[in-house]
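[1] prediction below, plus the sequence it came from.
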Amino acid sequence: MANIGAAGSSEAMNTMWTWAENKKFEIGLVEFPDGTPNRWEKIAASLGTKSAAEVEHQYAILLEDIVAIEARLLELPPYPNKDVGLDLMPEEEPDHKFEKKQSTVPRKIGKPWTEEEHKLFLQGLEIYGKGDWKSISRYVVQTRNPTQVASHAQKYFERQEREEQNKKRRSIFDSTVGENSTNTKPADN
C-alpha cells in the first residue's frame, strides 16, 4: 500500500481534480511505476498543477475505490458505449463523420423509369430547366424524388452526349492504321 503520511494534510484533502488532471495522473502512474524513487514528485511535476502530497492522496483514494469495486461495494457507472475511447473527455464525442453507417434496412432495388415518367421529365426540363430537380420532382414527375430525377437527368444527358459524338461527321484524320482493313500496295508507275 501507499505511504500516505503527507497526503493526510488538509491541503491535499480539499483539492478538486479535473478530468484532464486525472488522465495525466493515470498516465503518470504508468510512466512512473510503483518503486520509482520520488514517484509522487515526478507525477506532480508532470501534472504541473498539483503537489506531491495531493498526488499521493489521489493515489490513496484510487486504491480505496479499487478495493470497494472489487468487493462489489461500488457499482460501475453505466457506460453508454463500450467502443467510445477511454481517452475522450466525457463531454467529447468521437468523430463519426468518416464512419460508414450500418443500415439495418436492405437497399431497395431501383425501379426503371416508365415511358410516361420520362415524357413528364422532359416536360419538367422544359418548364424548370436543368438543375431544378426538386421542382421537377414536386410538380411534374411526382412518382420520383429529387435524387431519382437528378440521377435520371445525369444518365439522360450522358446518353445525349454519346449520341451527339456518334453523329459527328468523321474526318479522314479520325482513321487509324488499325482501321485500314485493306492491305493494298500503292500502284507502281
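    Okay, I see it. Numbering: from 1, shown residues only.

[2] helices of the chain, start to end?
    Secondary structure of the chain (DSSP state H): helices at 10-13, 19-31, 39-47, 52-70, 115-128, 133-135, 146-167.

[3] list the buried residues in the fifth one.
    This points to helix 115-128. 117, 120-121, 124-125, 128 (16 or more other CB atoms under 10 Å). Where you see a C-beta, it was placed from the backbone N, CA and C, and this is true even at glycine.

[4] in a markdown table, list the residues you listed along with distance to residue 28.
    Below are these laid out as a markdown table (distance: CB to CB, whole Å):
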| residue | distance to residue 28 |
| --- | --- |
| 117 | 68 |
| 120 | 70 |
| 121 | 67 |
| 124 | 67 |
| 125 | 67 |
| 128 | 65 |
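
[5] and which of the residues you listed is nearest residue 147?
    Of all the buried residues of helix 115-128, residue 147 sits closest to residue 121, with 13.7 Å by CB to CB.

[6] pull the most distant pair out of the buried residues of helix 115-128.
    Distance extremes for the buried residues of helix 115-128: the farthest pair is 117 and 128 at 15.6 Å, using CB to CB.

[7] can you put the buried residues of helix 115-128 in a markdown table and add pLDDT and distance to residue 147?
    Shown next, in a markdown table, are the buried residues of helix 115-128 (pLDDT from 0 to 100; distance: CB to CB, whole Å):
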| residue | pLDDT | distance to residue 147 |
| --- | --- | --- |
| 117 | 92 | 15 |
| 120 | 93 | 17 |
| 121 | 92 | 14 |
| 124 | 93 | 15 |
| 125 | 91 | 16 |
| 128 | 92 | 16 |
